[in-house]
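Asks: this is a predicted model, with the sequence first.
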Amino acid sequence: MLSIFLDLIDEESDKELFEKIYNNYQKQMFYIANRILKDNQLSEDALQNTFLKIAVNIKALRKLDENQTKYYLFISARNAALDIYKKRKKTNTVDIDAFYNLKDDSYSDTIEAFEDDDYIVHLLKKLPTKYTDVMYFKYSTDMNDMEIAKALDRNVNTVRQQYRRGKQKFAALYEKENNNQ
């Protein structure tokens, strides 16, 4: 598959950059897509869509540092998976009262418990990306607040505040949707 993408790139230095990106981040990007889609084939499709866009726009990645590149790749994989997810239009309901009442230290464990539920993804898609990006990085990568701030080009205190607000908005959205049913 790599050779197909490399054929889309003209310059040798761009081919080397693409190959480095492909080899270094392919598995992590697949993991990100698969956490959303829960289907290996659909996750592969999301990855192919992402790498196709990267191959076409490889020159833009030359301008980014390593953290920005990683951020771009992970968000691109996530967005490609969400695009496929939206097309499937599957919605499940789940009782997530525990998620609504979480404390910061239990959030990660709670997310893990609900990682198979499409309903969580359905609700998270409705939040502004400034919150979901922070929440995503916090629990889908091994990045700490400082690394997230650097990747998103935000102040570390802003990242922490957006995380707290994102949780609050998620809880409010959950409550609103459940009251409408």
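Replies: Thanks, I have it.
Asks: would you mark the buried spots in stretch 60-73?
Replies: Burial within stretch 60-73, assessed by neighbour count using 16 or more other CB atoms under 10 Å, is assigned to 61, 67, 69, 70, 71, 72, 73. For the C-beta atoms, the positions are set from N, CA and C on the backbone; glycine is no exception.
Asks: low-confidence ranges, this protein, go.
Replies: 89-119, 139-142, 180-181 (pLDDT under 70).
Asks: show me the contacts for the residue nearest the centre of the chain.
Replies: Central residue of the chain (CA atoms, centre = their mean): residue 78, 3.7 Å from the mean position. Counting by CB atoms under 8 Å, 6 or more residues apart in numbering, residue 78 touches 32, 33, 36, 136, 140.
Asks: just the CA coordinates of the helix or strand hosting it, formatted as CSV?
Replies: Assigned by DSSP states H and E, residue 78 belongs to helix 66-88. Only the C-alpha atoms of helix 66-88 are listed here, as CSV (Å, rounded to 0.1, in the frame of the first residue of the first chain):
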residue,chain,number,x,y,z
GLU,A,66,7.2,16.9,15.2
ASN,A,67,4.5,17.6,17.7
GLN,A,68,2.3,19.5,15.2
THR,A,69,2.8,16.7,12.7
LYS,A,70,1.7,14.1,15.3
TYR,A,71,-1.3,16.2,16.2
TYR,A,72,-2.3,16.6,12.5
LEU,A,73,-2.0,12.9,11.9
PHE,A,74,-3.9,11.8,14.9
ILE,A,75,-6.7,14.4,14.3
SER,A,76,-6.8,13.4,10.6
ALA,A,77,-7.2,9.8,11.5
ARG,A,78,-9.9,10.6,14.1
ASN,A,79,-11.8,12.8,11.6
ALA,A,80,-11.6,10.1,8.8
ALA,A,81,-13.0,7.5,11.3
LEU,A,82,-15.7,9.9,12.4
ASP,A,83,-16.7,10.5,8.8
ILE,A,84,-17.1,6.8,8.2
TYR,A,85,-18.9,6.5,11.5
LYS,A,86,-21.4,9.3,10.5
LYS,A,87,-22.1,7.4,7.3
ARG,A,88,-23.0,4.3,9.2
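Asks: what about residue 1, neighbour count?
Replies: Neighbour count of residue 1, defined by other CB atoms under 10 Å: 11.
Asks: and it, how close does it get to residue 71?
Replies: 24 Å (CB to CB, to the nearest Å).
Asks: cool, residue 162 as well?
Replies: For residue 162, the distance to residue 71 - CB to CB - is 15 Å.
Asks: over to residue 129?
Replies: Residue 129 sits at a distance of 12 Å from residue 71 (criterion: CB to CB).
Asks: could the contacts of residue 78 be laid out in JSON lines, adding distance to residue 150?
Replies: Listed next are these as JSON lines, based on distance: CB to CB, whole Å:
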{"residue": "32", "distance to residue 150": "19"}
{"residue": "33", "distance to residue 150": "24"}
{"residue": "36", "distance to residue 150": "24"}
{"residue": "136", "distance to residue 150": "15"}
{"residue": "140", "distance to residue 150": "17"}
